[in-house]
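Asker: Fold the following.
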Amino acid sequence: MNKQVKIWIEAIRLRTLPVSLSGVLMAIGIAVWQHHFKWVPSVLCIVFALMAQVVSNLANEYYDYKRGADKKGRVGPRRGVTEGDIKPATLRNVTYITLAVACLVGCGLIPYGGWQMIPVGIAIAVFALAYSTGPFPLSYHGLGEITVFLFYGLVPVIFSYYVIAGRMDALAVLGGITIGFMGVNVLLVNNYRDMDDDIEAGKRTAVVIFGRKLAAAAYLFNGYMAIAMLSPLWLMIYINGSMSLWTYVVPALYLVLHTITWIKLNRLTGAALNPLLGATARNMLIFTVLMLLFFVL
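Answerer: Numbering: from 1, shown residues only. Model prediction:
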């Protein structure tokens with residue numbers, strides 16, 4: 001692979017993108033199940049969600065660099081701008097160009113969701129940047145997990161479903177909460193690994209505030225709560241007499257993978273935690289892809 005391409009793949013944090021993709025897939029699955037699926041808004045939602053996360057990831061790298069939160073030889077994955085592989089001005093420009101393109105893609109959703117989608121899109125754009133910058137950067141004040149829960153869980157599932165189906169639905173809200181809990185775990189692993197560096201940089205993440213022991217407990221709890229939030233769906237299927245082996249396999253497989261990853265989280269330290277970031281996102285994606293198949297079939 002070309003070195004420059006690899007540097008930019010690291011910058012967009014490819015392994016974390018299942019977080020934004022999963023929310024839209026959950027919304028698409030529910031829309032298919034309820035016979036409201038439409039191709040064009042579904043594709044636009046996927047592209048917009050991925051681009052919004054790329055913006056957030058690039059902005060996080062740029063503004064962490066500006067604040068001195070990232071340093072050379074950090075425990076986590078290599079940061080191109082910190083190591084001198086990417087010029088700061090280039091990273092900043094690419095961030096805002098990507099944001100502009102994402103906004104244009106988002107405008108394509110207005111015919112499906114109405115003009116009320118404009119404030120939703122503005123909020124997503126603002127929070128993508130406010131996570132790392134501004135007068136009160138959220139990730140520096142223990143609010144990163146809440147932001148992820150809202151903007152990688154509730155917002156993408158509820159509003160993706162809305163523009164696809166043209167209506168709101170309680171199941172989309174439950175799906176958003178499920179995805180929110182799973183998405184928070186990806187951030188928890190990241191901040192669990194980086195706790196020592198964050199303390200040194202004055203970055204007060206939730207893990208810094210509450211410590212690794214509570215963070216690990218929250219990680220386990222979130223995974224089980226994510227599955228529990230879909231209990232009304234499982235109950236509805238049971239009442240309708242359509243329970244099948246598939247109904248049990250999907251949540252059970254996720255919980256097994258989740259528990260294995262949690263066990264590793266408690267045993268590993270430092271750079272050895274890096275693969276768990278991808279594993280947590282993988283668990284999330286496996287669950288949502290299987291749920292999508294469940295809704296389709």
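Asker: low-confidence ranges in the stretch 151-297 of the chain?
Answerer: Screening the stretch 151-297 of the chain residue by residue with the criterion pLDDT under 70, one finds the ranges 241.
Asker: where do the helices sit along it?
Answerer: Ranges of helices within the stretch 151-297 of the chain are 155-165, 170-193, 195-201, 206-210, 212-228, 231-239, 245-267, 274-296, based on DSSP state H, counting those that start in this stretch.
Asker: possible to save those as CSV with distance to Pro137?
Answerer: Using the backbone N, CA and C atoms, a C-beta is placed for each residue, glycine as well. CSV is the format used below for the helices of the stretch 151-297 of the chain (distance: least, Cβ to Cβ, whole Å):
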stretch, distance to Pro137
helix 155-165, 19
helix 170-193, 14
helix 195-201, 12
helix 206-210, 14
helix 212-228, 20
helix 231-239, 36
helix 245-267, 26
helix 274-296, 21
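Asker: Is it possible to get a markdown table of those that adds mean neighbour count and distance to Ala100?
Answerer: Converted to a markdown table, the helices of the stretch 151-297 of the chain look like this (neighbours: other Cβ atoms under 10 Å; distance: least, Cβ to Cβ, whole Å):
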| stretch | mean neighbour count | distance to Ala100 |
| --- | --- | --- |
| helix 155-165 | 26 | 20 |
| helix 170-193 | 24 | 25 |
| helix 195-201 | 16 | 30 |
| helix 206-210 | 19 | 31 |
| helix 212-228 | 18 | 34 |
| helix 231-239 | 13 | 38 |
| helix 245-267 | 15 | 36 |
| helix 274-296 | 20 | 26 |
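Asker: I'd like to know which of the ones you listed is closest to His36.
Answerer: When the helices of the stretch 151-297 of the chain are ranked by distance to His36, counting by Cβ to Cβ, first place goes to helix 155-165 at 3.5 Å.
Asker: packing partners for that closest one?
Answerer: Based on contacts counted as 3 or more Cβ pairs under 8 Å, 6 or more residues apart in numbering; DSSP states H and E, the elements that helix 155-165 packs against are helix 18-33, helix 39-67, helix 110-113, helix 117-130, helix 170-193.
Asker: check contacts around Ile286.
Answerer: Under the criterion of Cβ atoms under 8 Å, 6 or more residues apart in numbering, the contact partners of Ile286 comprise Leu253, Tyr254, Leu257.
Asker: That one and Leu276: what is the separation?
Answerer: Distance of Ile286 to Leu276, given as Cβ to Cβ, to the nearest Å: 15 Å.
Asker: what's the answer for Arg79, then?
Answerer: For Arg79, the distance to Leu276 under the criterion Cβ to Cβ works out to 19 Å.
Asker: got the contacts of Ile286 as CSV, with distance to Pro135 columns?
Answerer: Converted to CSV, those look like this (distance: Cβ to Cβ, whole Å):
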residue, distance to Pro135
Leu253, 44
Tyr254, 39
Leu257, 40
